[in-house]
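A.B. asks: Kindly return the folded structure for what I paste below:
(chains A and B)
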Amino acid sequence: MTPVTRFAPSPTGFLHIGGARTALFNRLYARHFAGRFRLRIEDTDRERSTPEAIEAILEGLTWLGLDWDDEVVYQSECAARHREVADALLDKGLAYRCYATPEELAEMRALARAEGRPPGYDGRWRDRDPAEAPADRAPAIRFKAPREGEQVIEDLVQGQVTVANRQLDDMVILRSDGSPTYMLSVVVDDHDMGITHVIRGDDHLTNAFRQRQLYQAMDWSVPSFAHLPLIHGPDGAKMSKRHGAVGIEAYRDQGYLPAALRNYLLRLGWGHGDDEIISDGEAESWFDVADVGKNAARFDFAKLDNLNAHYLRQMDDQSLVELVVERLEAISGTGTTAEQKRRLFAGMAGLKPRAKRLDDLALSAQIYLAERPLTYSADAHKLLNPEAKARLAGLRPLLEAGGWEREELESLVRHYAENLLEPSVKLGKVAQPLRAAITGSKVSPPIFEVMEIFGREECLSRLDDCLSDEE
RNA sequence: GUCCCCAUCGUCUAGAGGCCUAGGACGCCAGCCUUUCACGUUGGUAACACGGGUUCGAAUCCCGUUGGGGACGCCA
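C.D. replies: Take a look at the predicted model:
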């Protein structure tokens, strides 16, 4: 039997990092066994679900390269079917009407807690005569859960987990307004969608026991479960906003690459020997949810940065230019000239090994976009002292006459510094001020490479700007 | 409070009784490379939570302790 997995987020916020990993694992598992990976939007909470959130999830998954099979299922559209199942349960005597008020429920919980029992509904309408029903109140439908025995789940990640049925109360499956609850909806939808493997966050483990009761009540085959340990923030607590963990789009905005994120997420809780850089193909052939570890992993931005830098270096220059231009234009609101793009493309090979993310790559790429007259950074300004300027002035005529390949430039300047200057100085004494004059910065890719890209005319003009600067 | 789960370097992990003097990666430190900053490269730092068992032998199995985490809604 080929597996069918699914990712089933509720659109009450954005696609967060944990959800992204859940989706990745579901997809990888399906791919590994030549099955299907499906997407279901759990939008039954009309109050909190928004079209924007749905859009963010779809976009996030697509951006991450986690496309799904078949049509997206919207849970809200299945409400009639869910009610049908609730009715079937009612007919079978496996569900009943409950008229308890919210106040009563709160009391029950408080009492149970005080008495050291598991908090929950006490079953007061479970076997009560329907004739006692209050006429002024609409009932909720509760599942008549087994009281004796236990639920055993053979979880692909957690192993065998057992919970006594007495720990589980009679859950509501249909609200008093007739809408189905999550617990009912997931089971019905997973069954209807032919889901064979439910791979989701650890926080759903206890739900699995109640869901299993439901499957059995309906006489449906129970899917395999795999509950993934949650991703924690650097402090060890559940990932939350205070960790700066927002939607996946925040990672995109910071300049993380989908491939890097996929690789990083994959290695969180799962490993394949000493392998660190893992291609999508390798991931598909190696991954098995059964190999996922049971312990929660902490999110480490330093390692993500390292992986991202790797994928950045591997990316082709043209794509990188496009990404950088897109970012820069979004920030400045102005266009990019053909000449600027030409410089960017020529300089990309020297730029990318110096960057970790797209945002710092874009920042360093600015040196190729800046036009005269340059504004010097404080450091650059300091480098351009009178002594340095005098050396540059002496160099200028040689530059005007010499060749302009980066190697020629280097040997020319080196010769000037080491042999022509009196007393002779090291290359750096001339190259550094030169860098400051040409780029306006103290840091850049190799200066002779930069000069070659700018061309002789532009460089001489920049040099003149600098030398004529009286101050 | 009740139930469930977890425990190897700071972090992610390898490890399924002898291959472990515990391996890799990130980070950190130092050297090399070098016109700056990176990249690269070489080396270093650093862990089996604790206590009992079982065994000829335990990071690996069992029990307990401690420490973390998760779930307990007419939310999903």
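A.B. asks: residues from the stretch 351-471 of chain A in reach of RNA strand B?
C.D. replies: Proximity of the stretch 351-471 of chain A to RNA strand B (C-beta under 7 Å from any atom of the strand) is limited to residues A:353-355, A:410, A:426-428, A:431-432, A:435, A:442-449. (Glycine included, C-beta is placed from N, CA and C.)
A.B. asks: If you go by neighbour count, which of those residues are buried?
C.D. replies: Those of these that meet the buried threshold are A:Ala355, A:Glu410, A:Ala431, A:Gln432, A:Arg435, A:Lys442, A:Ser444, A:Pro445, A:Ile447, A:Phe448, A:Glu449, by 16 or more other C-beta atoms under 10 Å.
A.B. asks: Just checking the distance from the one helix or strand the last one maps to to the centre of its chain.
C.D. replies: A:Glu449 is part of helix A:447-454, with elements assigned from DSSP states H and E. In this view, helix A:447-454 has its centroid 37 Å away from the chain centroid, taken as C-alpha atoms, centre = their mean, to the nearest Å.
A.B. asks: just checking, what packs against that helix?
C.D. replies: Contact analysis of helix A:447-454 by 3 or more C-beta pairs under 8 Å, 6 or more residues apart in numbering; DSSP states H and E lists helix A:338-351, helix A:406-415, helix A:427-439 as its packing neighbours.
A.B. asks: Packed most tightly, which of those would that be?
C.D. replies: Among the helices and strands packed on helix A:447-454, helix A:427-439 has the highest mean neighbour count (mean count of other C-beta atoms under 10 Å), at a mean of 21.
A.B. asks: Return the distance of that helix from the chain's centre.
C.D. replies: That offset, for helix A:427-439, works out to 41 Å (C-alpha atoms, centre = their mean).
A.B. asks: packing partners for that helix?
C.D. replies: Applying 3+ C-beta pairs under 8 Å, 6+ apart, we find helix A:427-439 packed against helix A:378-383, helix A:386-401, helix A:406-415, helix A:447-454, helix A:456-467.
A.B. asks: quick one: low-confidence ranges for the stretch 201-350 of chain A?
C.D. replies: Low-confidence segments of the stretch 201-350 of chain A, defined by pLDDT under 70: A:240-245.
A.B. asks: What ranges does it have for its helices?
C.D. replies: A:205-218, A:248-254, A:258-267, A:280-286, A:301-314, A:317-332, A:338-351 (DSSP state H, counting those that start in this stretch).
A.B. asks: Buried deepest among these, which one?
C.D. replies: Of all those, helix A:258-267 has the most neighbours on average by mean count of other C-beta under 10 Å, namely a mean of 22.
A.B. asks: Touching that one from outside, list them.
C.D. replies: Residues outside helix A:258-267 that contact it (C-beta atoms under 8 Å, 6 or more residues apart in numbering): A:17, A:20-21, A:24, A:28, A:63-66, A:248, A:251, A:276-278, A:280, A:283, A:287, A:303-304, A:307-308, A:310-312.
A.B. asks: mind running it again at 7 Å?
C.D. replies: Where contact means C-beta atoms under 7 Å, 6 or more residues apart in numbering, the residues beyond helix A:258-267 that reach it are A:20-21, A:24, A:63-65, A:251, A:276-278, A:283, A:303-304, A:307-308, A:311.
A.B. asks: Same question for stretch A:395-410.
C.D. replies: Under C-beta under 7 Å, 6+ apart, the answer for stretch A:395-410 is A:Leu412, A:Val413, A:Tyr416, A:Val430, A:Phe448, A:Glu449, A:Met451, A:Glu452, A:Arg456, A:Leu460, A:Leu463.
A.B. asks: Next, format the buried ones among the residues of the stretch 351-471 of chain A next to RNA strand B as a markdown table and append pLDDT and distance to A:Ala34.
C.D. replies: As requested, those are arranged in a markdown table below (pLDDT from 0 to 100; distance: C-beta to C-beta, whole Å):
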| residue | pLDDT | distance to A:Ala34 |
| --- | --- | --- |
| A:Ala355 | 96 | 38 |
| A:Glu410 | 95 | 55 |
| A:Ala431 | 96 | 58 |
| A:Gln432 | 96 | 59 |
| A:Arg435 | 97 | 55 |
| A:Lys442 | 93 | 55 |
| A:Ser444 | 96 | 50 |
| A:Pro445 | 97 | 46 |
| A:Ile447 | 97 | 54 |
| A:Phe448 | 97 | 53 |
| A:Glu449 | 97 | 48 |
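A.B. asks: Can you tell me which of those is nearest A:Glu322?
C.D. replies: Using C-beta to C-beta, A:Ala355 is the member of these that lies nearest A:Glu322, at 15.2 Å.
A.B. asks: Do I have it right that that closest one meets A:Leu363?
C.D. replies: No - using C-beta atoms under 7 Å, A:Ala355 is not in contact with A:Leu363; the gap is 8.4 Å.
A.B. asks: Tell me, how many residues neighbour A:Ile199?
C.D. replies: Using other C-beta atoms under 10 Å, A:Ile199 has 28 other residues around it.
A.B. asks: So what's the residue count around the closest residue to it other than its chain neighbours?
C.D. replies: For A:Ile199, ignoring the flanking residues on the chain, the nearest one in space by C-beta to C-beta, 6 or more residues apart in numbering is A:Ala226 at 4.4 Å. Neighbour count for A:Ala226, taken as other C-beta under 10 Å: 22.
A.B. asks: what's near enough to touch A:Ala226?
C.D. replies: A:Asp155, A:Leu156, A:Val157, A:His197, A:Ile199, A:Val289.
A.B. asks: do A:Thr50 as well
C.D. replies: Taking C-beta under 7 Å, 6+ apart as the contact definition, A:Thr50 lies against A:Pro11.
A.B. asks: again, 8 Å this time
C.D. replies: A:Thr50 makes contact with A:Pro11, A:Thr12, according to C-beta under 8 Å, 6+ apart.
A.B. asks: Please enumerate the helices of the stretch 51-200 of chain A.
C.D. replies: A:51-64, A:79-91, A:102-114, A:182-192.
A.B. asks: How far does the second one sit from its chain's centre?
C.D. replies: Once both centres are worked out by C-alpha atoms, centre = their mean, helix A:79-91 turns out to sit 37 Å from its chain's centre.
A.B. asks: Return the set of buried residues in it.
C.D. replies: Within helix A:79-91, the residues that count as buried by 16+ other C-beta under 10 Å are A:His82, A:Arg83, A:Val85, A:Ala86, A:Leu89, A:Leu90.
A.B. asks: what's in contact with it?
C.D. replies: Counting by C-beta under 8 Å, 6+ apart, A:44, A:95-96, A:141, A:143, A:173-174, A:178-180, A:184-185, A:188, A:192, A:217-218 sit against helix A:79-91.
A.B. asks: picking that back up, closest one of the contacts of stretch A:395-410 to RNA strand B?
C.D. replies: Of all the contacts of stretch A:395-410, RNA strand B sits closest to A:Phe448, with 4.8 Å by C-beta to the nearest atom of the strand.
A.B. asks: which parts of the stretch 201-350 of chain A sit against RNA strand B?
C.D. replies: A:202-207, A:230, A:232, A:236-238, A:267-271, A:273-274, A:276, A:291, A:293-298, A:300, A:302-303, A:305-306, A:309-310, A:313.
A.B. asks: Nothing else from me, thank you.
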